[in-house]
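In: Sequence and predicted model, in that order:
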Amino acid sequence: MSTDLRGEKQLRRRRRIWTYTAMTALAAFFLFPLVFMFVSSLKPDGQILSDVSSLRAFLPVGDISLDNYAGVFDRVPVARFLFNSVLVTVLVVGLGLVVNSMAGFALSRLRWRGRGLVLALVIATLIVPFETIAVPMVYWVSQLPTLVWEDGLLKYDFGWLNSYHVQIVPFIANAFSIFLFTQYFSTIPKSLDEAARIDGAGWFTIYRRIIVPLAGPAFATVAILTFLPAWNQYLWPLMVVQQEELRPVMVGMQYFFQLNTAWGEVMAYTSLITLPVLVVFLSFQRAFVSSVAASGVKG
Amino acid sequence: MNRGSLAKILSVSALGALALTACGQAGQGGTTSDDGRVQLTMWTHSAGNPAELEVYEQIVKDFNASQDEYEVVEESFPQGAYNDAIVAAAAADDLPCLLDMDGPIVPNWAWAGYIQPLDLPTEITDSLLPTAVGSYQDEIYSAGYWDAALGVIARRSVLEDNNIRIPTVDEPWTIDEFDDALGTLKEAGYDTPLDIGAEDAGEWWSYAYSPMLQSAGGDLIDRDTMLSAEGALNGPEAVEFFTWFQDAFAKGWTSNGGTIGNEEFNNDEVALSYTGMWNALDAVKAAGDDVLFLPPPDFGDGPKIGGASWQWGISSTCESPEGARAYLEFSFQDEYITAFSDKQVVIPATEAATAASEHFGPEGKLKPFVELSQEFAVPRPETPAYPVISSTFEKAAKDIMNGADVQSTLDGAVQEIDTNIASNDGYGF
């Protein structure tokens, strides 16, 4: 009996060692690109290229300095681009949570004619790649009415190009977010609505006081899923924003690809613009894992 | 979430959106400046290139200071994203008055109606290198401050040690001599003796390798009609050149590995580097007085290199073309052209600016490139079909490099180009 127990213990220990070895290898596999990026950001171009064929690529050895970071700040208005991306991302995510959850609520809880058709149309838009409608959208936003502050007066004008709102508004309503909210809200028992109705609550109160507090994982999932595309926006701002002071970080990447690429500066810049994403992810790691587990959605 | 916090989120979001609507547009401005001058928007591809931007900013500053009628407002874009930005702006009818463009794209943008005839005084356009002027249907649409040139960079000591003749502009290597030199250098220990930059992508392929095709007697298109590539891109001369091209990779004389740039030559890992003069100063730094700038080999019809770099034009929607012309006339001063040359390491487009240039003047280390440009530069075909020709050429050349059958690959490329031209009614030819 004791031999059996010892054998089982050994087996369990061996399994654990294998599990941890596999997990460490997997973690290293996913971490290597980040380590390579941070380490290379400290090396001159020549050394990056000569180190790339050996393990030195992942080690801060050789001619290490912060010169590439200085070069980045000379070449690109990093702080401005970071500010723009943070502003656009926060507003796209924040306004998206409000608008899409309300749409999801209307589609899942309210009874109205054409509800199924509208949901089907919303879902159908998911199969249209953004690139195919980008150019018509550019024309469209260039014709939209807007408010202009001129000579101390708020005036009406046309054209959304070269603005923050042209980078935000088209991405607030999001078909996938609406679908996700709709699905999640459908799992909340309808009896809660009915009880609230009997107590005299209106639909907005039910949304605000009952549904929203119960849909934490759905909100967390949507926030995470909309954060990354908003942060990574490239094509759209490239097409609609001509002023440098309104550009986001991803358009800034192109600044480094001249006739010869400044690889050290590319690595320094990508390190700088990856940091906020890492900070957000690490801060919300627990919520992220629990929301994935709860909603069954992977990014 | 309580009632107060949701109300706060909604009101802050609404106010934020409203404020952004206003402040975003505030930067767009009108067509006149505060002091009543007509504003001319100007887009460059120079973002991320502080040396080039510095000269542009100086020109704009000087022009604006000299003017009481016009004011130029400059916006710069990163080069890799520039053409997409222009196409999007054209779709939105939002092109700037002044815009720069890569030489080969000029006919396409003229045909598409993006730009209008330049109408600069002939004393300006006549003073420029022919490859610094962009035309379509015999009309000038663009003009540039500089041109670029390619050549073969080598070390004198390496050639002399291996008994390889040093070629000159008057007596370049024949293709047989070049082949012998590559074989000798390979035997001397260079794994791949020649770097031709095949690891690069995009326009580089047409810019760098179509002149070799022209040197062999072929071309990208029949330039007399501009209506077909038949015979030019798939004739016996083209097949002969591309067979050589394929063999050069198969024999290990060159490769598509390595890094974009000239690192391999600077580290003496390759003996010869077919590259642009933008890599020449680093080569001088690496090899000192041992460095040589040589003409490319003669494949039969004399050496050829690509011509035309970035040039300036006026959009067809510019409401003040006379102001745009005033700016361009002002900008084509030799001192600015020399400044571009000194800071950017580019060949000045005028003789006077060349004489004053630090790198390309009489005492300049890169002077041989001026001669290469003057003697051997060939413009890429001045047709709106060029973007299609270029991308088709790149795809075919890469397939051949990877071992595809030469004749059938070229026939396929010709068919693709001809079909595109036919479906666009000949692009005006």
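Out: Thanks, I have it.
In: Quick check: pLDDT value at residue 297.
Out: If you meant another chain, say so; for now it's chain A. For residue A:297, the pLDDT comes out at 52.
In: if you could check chain B rather than the one you did, that'd help
Out: pLDDT, read off for residue B:297, is 97.
In: And the closest residue to it other than its chain neighbours, how far from residue B:393?
Out: Leaving aside its sequence neighbours, residue B:297 sits nearest to residue B:178 (CB to CB, 6 or more residues apart in numbering or on different chains; 3.9 Å). In short, each C-beta sits where N, CA and C put it, glycine included. Distance from residue B:178 to residue B:393, counting by CB to CB, to the nearest Å: 22 Å.
In: and what of residue A:276?
Out: Residue A:276 is 42 Å from residue B:393, by CB to CB.
In: quick one, which of the two is more surrounded?
Out: Legend: neighbour count by other CB atoms under 10 Å in any protein chain shown for residue A:276 and residue B:393, higher for residue B:393 (23 against 15).
In: what's the neighbour count on residue B:138?
Out: Residue B:138: 6 neighbours (other CB under 10 Å).
In: Got phi/psi on it?
Out: Here is the backbone geometry of residue B:138 (degrees, to the nearest 10): phi 60, psi 20.
In: what's the pLDDT at the nearest residue to residue B:137 once chain neighbours are set aside?
Out: Sequence neighbours aside, residue B:428 is the residue nearest to residue B:137 in space, at 6.3 Å (criterion: CB to CB, 6+ apart). Residue B:428 carries a pLDDT score of 90 in this model.
In: before we move on, what about residue B:17?
Out: The model reports residue B:17 with a pLDDT of 46.
In: how much space between the residue nearest to residue B:137 and residue A:271?
Out: 49 Å.
In: Helix or strand: which one has residue B:45?
Out: In this assignment (DSSP states H and E), residue B:45 forms part of strand B:38-47.
In: what packs against the next helix or strand after that strand?
Out: Next helix or strand after strand B:38-47 toward the C-terminus (DSSP H and E): helix B:50-66. Applying 3 or more CB pairs under 8 Å, 6 or more residues apart in numbering or on different chains; DSSP states H and E, one finds that helix B:50-66 makes contact with strand B:38-47, strand B:70-78, helix B:321-331, helix B:334-344.
In: for helix B:50-66, what is the average pLDDT?
Out: pLDDT averaged over helix B:50-66 gives 96.
In: quick one: buried residues of that helix?
Out: Of the residues in helix B:50-66, B:52-53, B:55-56, B:59-60, B:63-64 count as buried by neighbour count, 16 or more other CB atoms under 10 Å in any protein chain shown.
In: Pick out whichever of these sits closest to residue B:400.
Out: residue B:52 (35.1 Å; CB to CB).
In: Now do the residue most central in space within chain A against residue A:288, distance only.
Out: By CA atoms, centre = their mean, chain A has its centre lying nearest to residue A:228, at 1.4 Å. Distance of residue A:228 to residue A:288, given as CB to CB: 11 Å.
In: do the same with residue A:174
Out: 18 Å.
In: Pull out the buried residues from the helix or strand hosting residue B:396.
Out: Using DSSP H and E, residue B:396 maps to helix B:386-401. For helix B:386-401, a neighbour-count test (16+ other CB under 10 Å) marks B:386-394, B:396-397, B:399-401 as buried.
In: Tell me where the stretch 1-150 of chain A has helices.
Out: A:2-40, A:45-51, A:67-75, A:78-109, A:115-124, A:130-142 (DSSP state H, counting those that start in this stretch).
In: Return the set of buried residues in the fifth one.
Out: The neighbour-count check on helix A:115-124 (16+ other CB under 10 Å) flags A:119, A:122 as buried.
In: what's it in contact with?
Out: A:103, A:107, A:175, A:178-179, A:182 (CB atoms under 8 Å, 6 or more residues apart in numbering or on different chains).
In: go on, the third one?
Out: Around helix A:67-75, the neighbours that count as contacts under CB under 8 Å, 6+ apart are A:41-44, A:78, A:255-256, A:262, A:264-265, A:267-269, A:272, B:48, B:50.
In: hang on, the earlier thing: out of the contacts of helix A:115-124, which comes closest to chain B?
Out: Checking these against chain B by CB to the nearest CB gives residue A:103 as the nearest, at 14.8 Å.
In: what's the neighbour count on that closest one?
Out: Neighbour tally, residue A:103, other CB under 10 Å: 21.
In: residues in contact with it?
Out: Contacts of residue A:103 by CB under 8 Å, 6+ apart are A:122, A:173, A:178, A:181-182.
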